[in-house]
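> only geometry, no sequence info:
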């Protein structure tokens, strides 16, 4: 049975109000009494009931996180880093997944707000901004991460995805490729921005852009391998075919490489590939995968820090925090590299 | 701003108590009033404040889950399936990770209990049962999953890991291997039971067991690839070397295969491998990996169902629910299979 305030009060012969005031750091309790109460709390390993404390203080000591897919290693790694950071500050993370369904996302956001969280973090799959304008009227501060809405004045933590697209495409240009295709997503800022970066890099190198070289698809997060496989089959029909492909994420690249190998072509000699995310298994794939590393652990830490700040001071001007990405070269783009 | 009971009461000219009684399904409110209140709630899209409701009913409508590692796809897939099931019953999942540290696990369990959850699910990394006996005295029912403690009378949802070990090892015997090694974990029932299954299968086939063929290591969950790589380097020193290895999980197998290929040996011709978990990327590895599929989605569904049952009826005799595992054969054990 958990230790309660009244157990401590009874043991010391003081009132419950006194014990409660000590707990809240109230100044009108004498030093000696305060010390006795704190000593007894420690002896009994007293843990405050967060729920009652939450109702009293208006704080819940929880942070809510809504991601499109729990199984996607990027979101899992982010959640792990975030929850580790919050743990050091005695906050807990409440995690929900939208399964890339805007309606489920709305439902999960409502559930979290009703339950009470101090801050809400959302990697959104919404295509409609209206719901977020409404969210701005709630008392709970929120922060977008990974996926931004350029026309929404909201807090954001993530990568500079235009730069990510430029960095990946420039790498393919640097290794001498001329016909560079892109397999991308739909409906998210990460998709649009990586595509924009891809186009910027081609323009800067005076390489042609052609519509038949851009494949944009749904479900690149949960079913990236299947989507990449099918998109690559389409790209292989284009004449002349691409000699390099920048893929939206690693799982999409995995599927695209599979389609390429099945067509009897060599990677990277015939077609070079680069993904995004630098997932844990990238070095162990059939063709070890070049990728862009988003610094996911750092992203989780930065988001945790900002979430704590927002929980203390909810009213702040919208702020964007960008974490730098880095290029990781492996055999899918440069033969013989490790 | 969220709609509150008093807004509804004011709009309809009834008391807050009346509205609250309707919300709780109290019988002493007339039919007409009840209908008016429910209609207005619907019009305003009223969402009950779960925190206040929790204090009143003693329920929190949340289920707590403590896993050793969020990034491990097995736990991520389990959490995804569980949270999907709970969502359909208007429950939220609070997720915490112990990072395979028994002290962090205790801290996370305390945090969840103090915050209030209706049921607690734990894939424990404890080696000491004492903490769980204490947990049995709390009012919150708990359930172990994936990792069991045979001497603890607790609810359990997971796989029959002795069978898992037998199934994997028997497959290696069926393909004609005679010198079968095992790379396993430490300190968890899954490790002990898979090792026991491995020994059972060897005995049943009258194949010799030898200590130098069993490698048991820490950190097989978070750093499986590194652990598998090093363990395999040890196994390759044994003379005569093994011709097959049953690995504790897929990531361990990935590392072990890497060490084998780097030693200039062929997989599966020289050494065959099988992992456990059948992770999403298993088909796309350098050598597509044979594995045991734990039916993780089904596991999450079953655990969710049982958690709901426990939240309604916390006092129950300890119950074990086992979900069947299946063998998936790929090229790491049978050349030319897909």
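Good, I have the coordinates. As the structure is a computational prediction, the values presented were derived from the model and not from experiment. Residues are numbered from 1 along each chain as shown, chains lettered A, B, ... in the order given.
> now for the helix or strand hosting residue A:79, which elements pack on it?
Using DSSP states H and E, residue A:79 sits within helix A:73-88. Helices and strands touching helix A:73-88, by 3 or more Cβ pairs under 8 Å, 6 or more residues apart in numbering or on different chains; DSSP states H and E, are strand A:62-67, strand A:92-97, helix A:296-312, helix B:73-87, strand B:92-97, helix B:102-115. To be clear about C-beta, it is placed using only N, CA and C from the backbone, and glycine gets the same treatment.
> For the helix or strand following the longest one, list every residue counted as buried.
Sequence order places strand A:320-322 as the next helix or strand after helix A:296-312, per DSSP H and E. Using 16 or more other Cβ atoms under 10 Å in any protein chain shown as the burial criterion, none of the residues of strand A:320-322 qualify.
> Parallel or antiparallel, which strands does strand A:320-322 pair with?
Each strand that pairs with strand A:320-322, with its direction, by DSSP bridges: strand A:155-158 (parallel).
> What is the subsequent helix or strand relative to the strand it pairs with?
helix A:161-174.
> Give me the contact list for that following helix.
A:180, A:182, A:189-190, A:193-202, A:204-205, A:207, A:244, A:246, A:272, A:274, A:276, A:290, A:292, A:294, A:325, A:327, A:329, A:333 (Cβ atoms under 8 Å, 6 or more residues apart in numbering or on different chains).
> quick revisit: ok now the helix holding residue A:79, how far from the chain's centre?
Its chain's C-alpha centre and that of helix A:73-88 lie 9 Å apart, by Cα atoms, centre = their mean, to the nearest Å.
> And the helices in chain A?
Secondary structure of chain A, counting by DSSP state H: helices at A:5-12, A:16-23, A:31-43, A:50-57, A:73-88, A:102-115, A:130-135, A:161-174, A:189-204, A:224-235, A:250-262, A:296-312.
> Now the second one: buried residues?
Judged by neighbour count using 16+ other Cβ under 10 Å, the buried positions of helix A:16-23 are A:18-23.
> Please apply the same query to the shortest one.
Of the residues in helix A:130-135, those buried by neighbour count under the rule 16+ other Cβ under 10 Å are A:132, A:135.
> what's the model's confidence in it, averaged?
Looking at helix A:130-135 alone, the average pLDDT works out to 74.
> Is any residue of that helix near chain B?
No: using Cβ under 8 Å from any Cβ of the partner chain, helix A:130-135 never reaches chain B; the gap is at least 10.3 Å.
> what packs against that helix?
Looks like helix A:130-135 contacts helix A:102-115 (3+ Cβ pairs under 8 Å, 6+ apart).
> same for the helix it packs on, what does it pack against?
In terms of contacts (3+ Cβ pairs under 8 Å, 6+ apart), helix A:102-115 is packed against strand A:62-67, strand A:92-97, strand A:119-122, helix A:130-135, helix B:50-57, helix B:73-87, strand B:92-97.
> so where is the stretch 51-200 of chain A shaky, pLDDT-wise?
A:51-58, A:137 (pLDDT under 70).
> Count the residues that sit near the residue lying closest to residue A:169 once chain neighbours are set aside.
Distances taken as Cβ to Cβ, 6 or more residues apart in numbering or on different chains place residue A:201 nearest to residue A:169, at 3.6 Å, with adjacent residues excluded. Neighbour count of residue A:201, defined by other Cβ atoms under 10 Å in any protein chain shown: 23.
> ok, residue A:329 - contacts?
A:171, A:290, A:337.
> ok, for residue A:194, nearest residue in space, not its chain neighbours?
Using Cβ to Cβ, 6+ apart, the nearest residue to residue A:194 is residue A:165, at 3.8 Å.
> try residue A:123
Using Cβ to Cβ, 6+ apart and skipping the chain neighbours, the partner closest in space to residue A:123 is residue A:146 (4.2 Å).
> Phi and psi next, for the one you found.
Backbone torsions of residue A:146, given as degrees, to the nearest 10, read phi 70, psi -50.
> Tell me, how many residues neighbour it?
That count, for residue A:146 with other Cβ under 10 Å as the rule, works out to 25.
> and it, what is it in contact with?
Here residue A:146 is in contact with A:74-75, A:78, A:123, A:158-159, A:190 (criterion: Cβ under 8 Å, 6+ apart).
> Go through these and name the one nearest residue A:307.
The closest of these to residue A:307 turns out to be residue A:78 (Cβ to Cβ; 12.3 Å).
> That closest one contacts residue A:304, doesn't it?
No: contact criterion Cβ atoms under 8 Å: residue A:78 and residue A:304 do not qualify, at 10.0 Å.
> picking up where we left off before, apply the buried test to the contacts of helix A:161-174 and list what passes.
A:180, A:182, A:189-190, A:193-195, A:197-202, A:207, A:244, A:246, A:272, A:274, A:276, A:290, A:292, A:294, A:325, A:327, A:329, A:333.
> Tell me the residues on the stretch 151-300 of chain A that lie near chain B, please.
Counting by Cβ under 8 Å from any Cβ, the residues of the stretch 151-300 of chain A near chain B are A:225, A:251, A:254, A:258, A:280-281, A:284-286.
> Turn those residues into CSV, columns for neighbour count.
Formatted as CSV, these follow (neighbours: other Cβ atoms under 10 Å in any protein chain shown):
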residue, neighbour count
A:225, 20
A:251, 30
A:254, 29
A:258, 21
A:280, 20
A:281, 23
A:284, 21
A:285, 23
A:286, 18
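> Columns distance to residue A:150 and pLDDT on top of the residues you listed, output as TSV?
What follows is these, written out as TSV (distance: Cβ to Cβ, whole Å; pLDDT from 0 to 100):
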residue	distance to residue A:150	pLDDT
A:225	30	92
A:251	26	91
A:254	30	95
A:258	34	95
A:280	31	81
A:281	33	83
A:284	37	90
A:285	34	92
A:286	38	90
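> residues of the helix holding residue A:79 that come out buried?
Using 16+ other Cβ under 10 Å as the burial criterion, the residues of helix A:73-88 that qualify are A:73-87.
> Would you mind measuring from the closest residue to residue A:160 other than its chain neighbours to chain B?
By the measure of Cβ to Cβ, 6+ apart, the closest residue to residue A:160 outside its immediate chain neighbours is residue A:322, 4.8 Å from it. Shown here: residue A:322 relative to chain B, a distance of 23 Å by Cβ to the nearest Cβ, to the nearest Å.
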